[in-house]
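K.L.:
Requesting a structural model of the entry that follows:
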Amino acid sequence: MVHDLYQEIILDHSKRPRNHHSMDDANRQAEGYNPLCGDKLKLYLRIEDDIVRDASFVGAGCAISTSSASLMTESIKGKTRAEALKLLEKFHELLTTDVSVSQELGKLVVFCGVRDYPARVKCATLAWHTLKNALDGANDPASTE
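P.N.:
All right, here's what the predicted structure looks like:
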């Protein structure tokens, strides 16, 4: 039952991604690429007073990659840089360990089943690697390799 709900949320964010547009007033940007399946995205952030005021993305990718970027942009708005990085850490932990699901992740828990498909973990984490680069001001594109 819960598994079906999670799949439904992922499909909804894949078909109707939130924050899927470029941002003219972004003051941080980063690009990400997953060579394994060809997912590409460009992330835009507007950070003021160390708080993510707005986040959006453009690009093309599989359902997991697109829905992850969509849910990530929703999740990081209003967070400080440190809080966004902590969320990234918790999300990565969710996908790569057997740790129990953390309530801190909110809607992001829908990706807990991805850890059973190691090749798909890269799809789910692409947006998050790209976020880290944007927050760090890195110029090189983020890659899942």
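K.L.:
Now do stretch 107-124: distance from first to last residue.
P.N.:
14 Å (Cα to Cα, to the nearest Å).
K.L.:
ok, and for it, which residues are buried?
P.N.:
Using 16 or more other Cβ atoms under 10 Å as the test for burial, stretch 107-124 gives 108-112, 114-115, 120-124. The way it works is simple: take the backbone N, C-alpha and C, and place the C-beta from them, glycine included.
K.L.:
with the residues you listed in mind, which one is nearest to Leu88?
P.N.:
Leu108 (10.3 Å; Cβ to Cβ).
K.L.:
where does the closest one land in three-state SS?
P.N.:
Assigned by DSSP: H, G, I helix; E, B strand; the rest coil, the conformation of Leu108 is helix.
K.L.:
before we move on, the earlier item: can you flag which of the buried residues of stretch 107-124 belong to helices?
P.N.:
Among these, the members found in helices (DSSP state H) are 120-124.
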